[in-house]
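I'll drop the sequence and a predicted model, then ask my questions.
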Amino acid sequence: MTKSPRLALPIALAIASMTGACRPSPVRETFLFGVPRREQATNFQALYSANCAACHGEEGRGSVAVALGSPIYLQISGDDVIRNVIANGGPSELSPAFSVPMGGLLSSQDITALVDGIRSWSKPQALAGVKAPPRSENVPGNAKRGAEVFGTFCSSCHGAAGTGGKTPGSIVDPSLLAVLTDQDLRTLVIVGLPQFGAPDWRNDLPGHPMTDRQISDVVAWLASHRVEYPGQPYLQESQTTGEKQ
């Protein structure tokens, strides 16, 4: 019997908590606790602690989601990207929208304070002149090549078929892939999740950083394991619309 994506979602969230996706708390619920007073609204620390730290960690060091203070993330994500994700939500349903027009409680001024504060964590010197692959793919990936790339760079931890190794769970589980978009996957491959021991694109195979094409190919291979659920257009929309995180 095919799982309904709505029934599979709680399973995916448990897996996603280990792979960097934000928890999909409803926007209104997100703001019920710790909302800064209006006179504190443009205070970055107050705004970040109330709205971002639970998923992205204190000082952007990462928690269940990608580290916003990562030099790699900040190199590949311009201010417009960060602003759009805060205001309108990420490409998947796991990143809620925080702006007033989208049903949240953050004004444009609040969001500017968050963007400026997150950007202040940037430490370009930490990359020692290394330029990360582009955030968005330049050429569509090839799933067949991606299988080979996965075998070379990823299988030692995630298993030959991506169904799990000694510690990581399956990264080809349809429930997980139903809530993570291609852009989510690409960002995670590039930035990594050091808080869970997952390396960035340079260190899956020490001394052999992944190329832009290899990243696109492995994302295509992972995406090829998605299961489409007829009658659930919101899943399709979450993978094809909006600014990608």
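Yep, that arrived. Since this is a predicted model, take the numbers as computed values, not measurements.

in the chain, which segments are predicted with low confidence?
1-42, 91-93, 229-245 (pLDDT under 70).

mind exporting stretch 80-90 as PDB, just the C-alpha atoms?
The C-alpha trace of stretch 80-90 is given here as PDB (Å, rounded to 0.1, in the frame of the first residue of the first chain):
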ATOM      1  CA  ASP A  80      18.800  38.500  -1.400                       C
ATOM      2  CA  VAL A  81      18.700  34.800  -0.900                       C
ATOM      3  CA  ILE A  82      18.800  35.000   2.900                       C
ATOM      4  CA  ARG A  83      16.100  37.700   3.000                       C
ATOM      5  CA  ASN A  84      13.800  35.800   0.700                       C
ATOM      6  CA  VAL A  85      14.100  32.600   2.700                       C
ATOM      7  CA  ILE A  86      13.300  34.500   6.000                       C
ATOM      8  CA  ALA A  87      10.400  36.400   4.400                       C
ATOM      9  CA  ASN A  88       8.800  33.800   2.200                       C
ATOM     10  CA  GLY A  89      10.100  30.500   3.500                       C
ATOM     11  CA  GLY A  90      12.500  28.000   2.000                       C
END
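
Distance from the chain centre to it, please.
Remark: stretch 80-90 is offset 12 Å from the chain centroid, using Cα atoms, centre = their mean, to the nearest Å.

For that stretch, buried residues please.
81-90 (16 or more other Cβ atoms under 10 Å). C-beta coordinates here come from the backbone N, C-alpha and C atoms, glycine included.

ditto for stretch 212-227
Neighbour-count burial for stretch 212-227 [16+ other Cβ under 10 Å]: 212-223, 225-226.

Need the three-state assignment for the residue positioned nearest the centre of the chain.
For the chain, the residue nearest the mean C-alpha position is Asp184 (4.4 Å; Cα atoms, centre = their mean). Look at Asp184: counting by DSSP: H, G, I helix; E, B strand; the rest coil, its state is helix.

quick one on the thing from earlier: with secondary structure and distance to Asp200 added, can I get the buried residues of stretch 212-227 in JSON lines?
Shown next, in JSON lines, are the buried residues of stretch 212-227 (DSSP: H, G, I helix; E, B strand; the rest coil; distance: Cβ to Cβ, whole Å):
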{"residue": "Asp212", "secondary structure": "helix", "distance to Asp200": "14"}
{"residue": "Arg213", "secondary structure": "helix", "distance to Asp200": "17"}
{"residue": "Gln214", "secondary structure": "helix", "distance to Asp200": "13"}
{"residue": "Ile215", "secondary structure": "helix", "distance to Asp200": "11"}
{"residue": "Ser216", "secondary structure": "helix", "distance to Asp200": "16"}
{"residue": "Asp217", "secondary structure": "helix", "distance to Asp200": "17"}
{"residue": "Val218", "secondary structure": "helix", "distance to Asp200": "14"}
{"residue": "Val219", "secondary structure": "helix", "distance to Asp200": "15"}
{"residue": "Ala220", "secondary structure": "helix", "distance to Asp200": "20"}
{"residue": "Trp221", "secondary structure": "helix", "distance to Asp200": "19"}
{"residue": "Leu222", "secondary structure": "helix", "distance to Asp200": "17"}
{"residue": "Ala223", "secondary structure": "helix", "distance to Asp200": "20"}
{"residue": "His225", "secondary structure": "coil", "distance to Asp200": "23"}
{"residue": "Arg226", "secondary structure": "coil", "distance to Asp200": "24"}
